[in-house]
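Engineer: any chance you can model this:
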Amino acid sequence: MTKLTKNKKLALAKIDAEKAYTIEEAASLVKEITSTKFDASVDIDIRLGVDPRKANQMVRGVVTLPNGTGKETRVLVLCTPDKEEEAKSAGADYVGLDDYIAKIKEGWTDVDVIITMPSVMGKVGALGRVLGPRGLMPNPKSGTVTMEIGKAVSEVKAGKIDFKVDRYGIIHTTVGKVSFDPAKLVENVKEFVGTVHKLKPSSAKGTYVKSIFLSSTMSPGIRIEPKSLEV
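Structural biologist: From the prediction side, this is the model:
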């Protein structure tokens, strides 16, 4: 059994495992119980009453968090030369095509999001084995295969995130940093959970949102009362 550190013991003592907290209480508590030397991410886990193995119960979407994620998102744009300036002006970290495709084939994936255009998807599609398992494959549904390269880069840099339910029926994503003001964390969580609610599949039966937990990189999870998130 792992030995609990002093900080972990103090954190656990502040959380009532039997209690479901309001989102406002949880946002303040997650800051209180995190004692890392770095600015830890704040994550949300939503367990859904869906069966992701069924195509008509797959929950996937995009959301722009009102206060961003607090994380510097590294963006690679794979495009033709005529779109390079547009991508760079919008703040893309890496821009090009064949050179980067060659690098990715060799295993380079040091980016968070890849944006491309329909005309080069033939080349990008060949990278599926490298990009697919890392969740980096561009997809028209998430707005990462588009002719509006500049707009797509700006949105990602402003806090737009792509999410989907995993095979266990859980959506896990980052909604901010511990340094965020609690009110900003609350706004981000409400926006995110509201988006998940809008994506409820018509074929999902019973309780859709089964549980919601908020945690930081190093903290225990705090159970949230779903009703406190209803707008």
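
Engineer: contact partners for the nearest residue to residue 68 once chain neighbours are set aside?
Structural biologist: Leaving aside its chain neighbours, residue 68 sits nearest to residue 159 (3.2 Å; criterion: Cβ to Cβ, 6 or more residues apart in numbering). (C-beta placed from N, C-alpha, C; glycine too.) By Cβ atoms under 8 Å, 6 or more residues apart in numbering, the contact list for residue 159 reads 64, 65, 66, 67, 68, 69.

Engineer: pick out the residue closest to the middle of the chain.
Structural biologist: When Cα atoms, centre = their mean is applied to the chain, the residue found nearest the centroid is residue 173 (3.8 Å).

Engineer: in this protein, which spans are strands?
Structural biologist: 41-48, 60-64, 75-78, 94-96, 113-116, 160-164, 170-177, 209-216, 222-224 (DSSP state E).

Engineer: kindly export stretch 211-222 (C-alpha atoms) in CSV.
Structural biologist: Output of stretch 211-222 as CSV, limited to C-alpha atoms (Å, rounded to 0.1, in the frame of the first residue of the first chain):
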residue,chain,number,x,y,z
SER,A,211,-21.4,11.3,-11.6
ILE,A,212,-19.1,14.4,-11.9
PHE,A,213,-15.7,14.7,-10.2
LEU,A,214,-13.4,17.7,-10.1
SER,A,215,-9.7,17.2,-9.2
SER,A,216,-6.3,18.7,-9.8
THR,A,217,-3.3,16.9,-11.1
MET,A,218,-2.2,15.7,-7.7
SER,A,219,-5.5,15.9,-5.6
PRO,A,220,-8.2,13.4,-4.8
GLY,A,221,-11.5,13.8,-6.7
ILE,A,222,-14.3,16.0,-5.3
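
Engineer: what does it rub up against?
Structural biologist: 8, 11-12, 15, 21, 23, 26-27, 29-30, 33-36, 40-47, 175, 178, 189, 193, 223-224, 226, 229.

Engineer: re the thing from before, from the contacts of residue 159, list just the buried residues.
Structural biologist: Neighbour-count burial (16 or more other Cβ atoms under 10 Å) is assigned, among these, to 65, 67, 68, 69.

Engineer: those helices in the chain, which residues are they?
Structural biologist: Along the chain, counting by DSSP state H, helices occupy 6-14, 23-32, 84-89, 98-105, 121-125, 128-131, 149-157, 182-198.
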